[in-house]
Every structure is written in C-alpha cells, then in structure tokens.
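# sequence and predicted structure are below.
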Amino acid sequence: MLRKVLVIFMKYIRMSLPVKLTLLLTFVFLIITYISLEIKYNTLEEERDQLNAKIDTVEDSIEALQNSLNTPFDEEYITKLAKEKLNYCLPDEVIFYNDLIN
C-alpha cells in the first residue's frame, strides 16, 4: 500500500507548482474533514450510550411503578406502605439503627 502511494507521489512530483499546491491543499482538507467527522462520531456515540442508559433507568422505574400499581390494596400492602413511607412499625417489632453507615 505504501509503495503504491509512493509511486503515485513520484509521478505527481513532475507536475507544476499550482497543481502540487492544489493536491496538497485537497489532501490536507480531506484529513482535517476526516478527523473532525471522527471526533463528532465519537461524541455522538457517547451521547447515544448515555441516552440508552437513561432509557434503561426510566424503563426500570416505569416497571417498578407499574408493579406497585398492580399490587392489590390489602392489609399487607397497607402495612408495607406504612413501614416504607411513614416509618411506622408494629408493636412487637424491634428496629435496629446503624450509625456506622453515615
């Protein structure tokens, strides 16, 4: 591959100066365009990955909320809700606090 490029380059060395400059500028332009497109592509891939992660999080949240809506409204559900949301406990329950976590 490199040999072919060198052969082609050697043929173009015999050209006039304006032609050489035009080829050089075109080559530089193509390289700069390629690099900028590669950077933009990588940025868009990262953004896509972040958005997919956010979609997964929201879908999990929706599923959890849907499950809580499908839960029957009975004594067990009311007890669970009182314990989780209102921090209530049953009279015979013993609650342990762990201050080492914070």
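Received it, and whenever you're ready, just let me know what you need.

# next, give phi and psi for Phe73.
Backbone torsions for Phe73, taken as degrees, to the nearest 10, come to phi -90, psi 80.

# my bad, should have said Asp74
Backbone dihedrals for Asp74, given as degrees, to the nearest 10, come out at phi -120, psi -170.

# can you check the one 4 residues further on too?
In this entry, Ile78 is assigned phi and psi values of phi -60, psi -40 (degrees, to the nearest 10).

# give the contact list for it.
Residues in contact with Ile78 (CB atoms under 8 Å, 6 or more residues apart in numbering): none are found. C-beta coordinates here come from the backbone N, C-alpha and C atoms, glycine included.

# do the same with the one 5 residues further on
The contact partners of Lys83, by CB under 8 Å, 6+ apart, come to Cys89.

# any chance you could map the helices in the protein?
Using DSSP state H, the helices of the chain run over 2-13, 17-70, 75-86.
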